[in-house]
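Undergrad: Here's my sequence, what's the structure:
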Amino acid sequence: MIRVRRARIVATLGPASRGPEKVLELARTGVDVFRLNFSHGSHEDHAANLKAVREAEAIVDRPLGVLADLQGPKLRLGQFKDGSVEIVRGKTFRLDLDPKPGDAKRVSTPHPELFAAMSPGAILLIDDGKVRLKVKKCGKDFADTEVVQGTKLSDRKGVALPGAIIPVSAMTDKDHKDLTFALKIGVDWVALSFVQRAADMAELKKLVQGRAAIMAKIEKPQALEQIEEILDFCDGVMVARGDLGVELEPEEVPVAQKALIRAARRRGVPVIVATQMLESMINSATPTRAEATDVANAAYEGADALMLSAETASGAYPVEAVTMMGRIIERVERDPRWPELMDAEHSPPEDIDADALVAAARRAADAGSTACLVAFTTTGGTARRLARERPLQPVVALTPTPQVARRLALVWGLEPRAGSDPKTLEDVTDDAVRYAVDLGLAKPGERILILAGTPFGAPGAANLLRFAHAPFKF
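TA: Alright, predicted model coming up:
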């Protein structure tokens, strides 16, 4: 099942998309990676969803990735006596550590680390910025604030303190339990929420120990300031515009998105653009024109993948949302100006042999009548390097390991397949030609460009570039 488009689609599973039949329908519609959101649902729910993805994978006959998204240290209000209160602009309101139910004058915020990071004049954002409180006075266990914006507060709403690094681990007790479970059931990617510094990703990498690829969700402005250091520990990165948009001014979010995509593409690290991409399709069968433009812009920028959240998890039109996203991406990629605009974000290859060979492969493919490229990869590194060059020809990534193929399902332009483990140059050529023809990517007589490394089957950078031609019959 070959997709025409190069940019990939990530879909979140939830109440609207549970069950083997629905997951299969989404996979057939074009989902490449399924997200398990550990902020919601039980472990049993996530295990059932992963099982449904694996069953769908066998039917559609292409690798499907599974991304476990950890909740992270979300700071929240406590509870109110009546569930919610009305607050008045200009009035005072206290946050403290007292666990008693709140009222119109105060509420608990059970996070001492939040008070430790406060200072007079700081702005607190509650419920994704719908409520703003200005800190007038604070101590180690309280903050007296003035209501600047908003009229209602309710139980357990999120709290953000823009501009401050909160002295808290990125991994909560819940995250540790969820990570252990996610690795046990065999997810392919693990995403860490609210990353603030490189040490957060280093901690996750140490815990995962290579059992899954790891991804940083960029939701804090502090992470933007350390993005190069964070990328040193990442296999992927997500532009999580929801929480990022809470702490940044609206006009800053598009600039941050572009900078993150550029940084990830320069490194050859897959990047997902996420949140509110087709938000109106939660309740409508069609998106707004502005949403269509938002999806298109991410495709023009060369993002590896675009993500649907509530649209597929709890929306009324999950399949239609995937279909629409696919249609928008495909239309962008038919635009004659698309290669030029996307290539404007292309960074020159690094001065190392592996990158030089991969860059040469792209130039060779462009210079001749190459039908497709085939990259043999043990760990996925060669295929990711080739995707970094954004070749316009289809790229088949052949690996002996199913989990590597599933991780590569997230990467721009790759058609990963598991099973090939050649031992000789003749095996490499035969496997490359057979896959290219069987997948319909090369017709008899057309040229195939092969990228591999020797010794065959051993991890290491590609050091072999070869041309072959599709035979008129096997």
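
Undergrad: residues of stretch 241-259 that come out buried?
TA: For stretch 241-259, burial by neighbour count (16 or more other C-beta atoms under 10 Å) applies to R241, D243, L244, G245, V246, E247, L248, V253, A256, Q257. Heads up, the C-betas are built off the backbone N, CA and C, glycines and all.

Undergrad: oh, I was asking about stretch 447-457
TA: Going by 16+ other C-beta under 10 Å, stretch 447-457 has these buried residues: R447, I448, L449, I450, L451, A452, G453, F456, G457.

Undergrad: Which ones among those residues lie within strands?
TA: Applying DSSP state E to these, the entries found in strands are R447, I448, L449, I450, L451, A452.

Undergrad: Make JSON lines out of these and add pLDDT.
TA: JSON lines is the format used below for these (pLDDT from 0 to 100):
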{"residue": "R447", "pLDDT": "93"}
{"residue": "I448", "pLDDT": "95"}
{"residue": "L449", "pLDDT": "94"}
{"residue": "I450", "pLDDT": "94"}
{"residue": "L451", "pLDDT": "92"}
{"residue": "A452", "pLDDT": "89"}
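
Undergrad: Tell me where the longest helix sits in the chain.
TA: Taking DSSP state H as the criterion, the chain has its longest helix at helix 43-60.

Undergrad: For the helix or strand that that helix is followed by, name the packing helices and strands.
TA: Using DSSP states H and E, the helix or strand that follows helix 43-60 in sequence is strand 65-69. Counting contacts by 3 or more C-beta pairs under 8 Å, 6 or more residues apart in numbering; DSSP states H and E, strand 65-69 packs against strand 33-37, helix 43-60, helix 173-185, strand 189-192, helix 402-408.

Undergrad: Mind doing that once more with 7 Å?
TA: With contacts taken as 3 or more C-beta pairs under 7 Å, 6 or more residues apart in numbering; DSSP states H and E, strand 65-69 sits against strand 33-37, strand 189-192.

Undergrad: sorry, back to before: need the CA coordinates for the longest helix of the chain. CSV is fine.
TA: Written as CSV, here are the backbone C-alpha positions of helix 43-60 (Å, rounded to 0.1, in the frame of the first residue of the first chain):
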residue,chain,number,x,y,z
HIS,A,43,-3.3,0.8,30.3
GLU,A,44,-5.8,-1.7,29.1
ASP,A,45,-7.2,0.8,26.6
HIS,A,46,-3.7,1.5,25.2
ALA,A,47,-2.8,-2.2,25.0
ALA,A,48,-6.0,-2.9,23.1
ASN,A,49,-5.2,0.0,20.7
LEU,A,50,-1.7,-1.2,20.1
LYS,A,51,-3.0,-4.7,19.4
ALA,A,52,-5.5,-3.3,16.9
VAL,A,53,-2.7,-1.3,15.1
ARG,A,54,-0.6,-4.5,14.8
GLU,A,55,-3.6,-6.3,13.3
ALA,A,56,-4.2,-3.5,10.9
GLU,A,57,-0.5,-3.5,9.9
ALA,A,58,-0.7,-7.1,8.8
ILE,A,59,-3.7,-6.4,6.6
VAL,A,60,-2.5,-3.2,4.9
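
Undergrad: got the buried residues for it?
TA: Buried-residue list, helix 43-60, by 16+ other C-beta under 10 Å: H46, A47, A48, N49, L50, A52, V53, R54, A56, E57.

Undergrad: pretty sure the first one contacts F34?
TA: No - distance between H46 and F34: 10.5 Å, which falls outside the contact criterion (C-beta atoms under 7 Å).

Undergrad: what's the distance between M118 and L95?
TA: M118 sits at a distance of 9 Å from L95 (criterion: C-beta to C-beta, to the nearest Å).

Undergrad: who touches both of those two?
TA: Shared contacts of M118 and L95 (C-beta atoms under 7 Å, 6 or more residues apart in numbering): A143.

Undergrad: what's the domain layout of the chain?
TA: 8-73+169-335, 84-160, 353-469 (automatic domain parsing).

Undergrad: Spit out the contact partners of R94.
TA: K105, R106, F142, D144.

Undergrad: The third one: neighbour count?
TA: F142 is flanked by 17 other residues according to other C-beta atoms under 10 Å.

Undergrad: Now it: phi and psi?
TA: Main-chain torsions, F142, degrees, to the nearest 10: phi -160, psi 160.

Undergrad: Once you drop chain neighbours, what's closest to it?
TA: D96 (4.4 Å; C-beta to C-beta, 6 or more residues apart in numbering).

Undergrad: Tell me the bridge partners for the one you found.
TA: S108, F142 (DSSP bridges).

Undergrad: Verify the stated contact: it with H111.
TA: No - assessed by C-beta under 7 Å, D96 is found out of contact with H111, at 11.0 Å.
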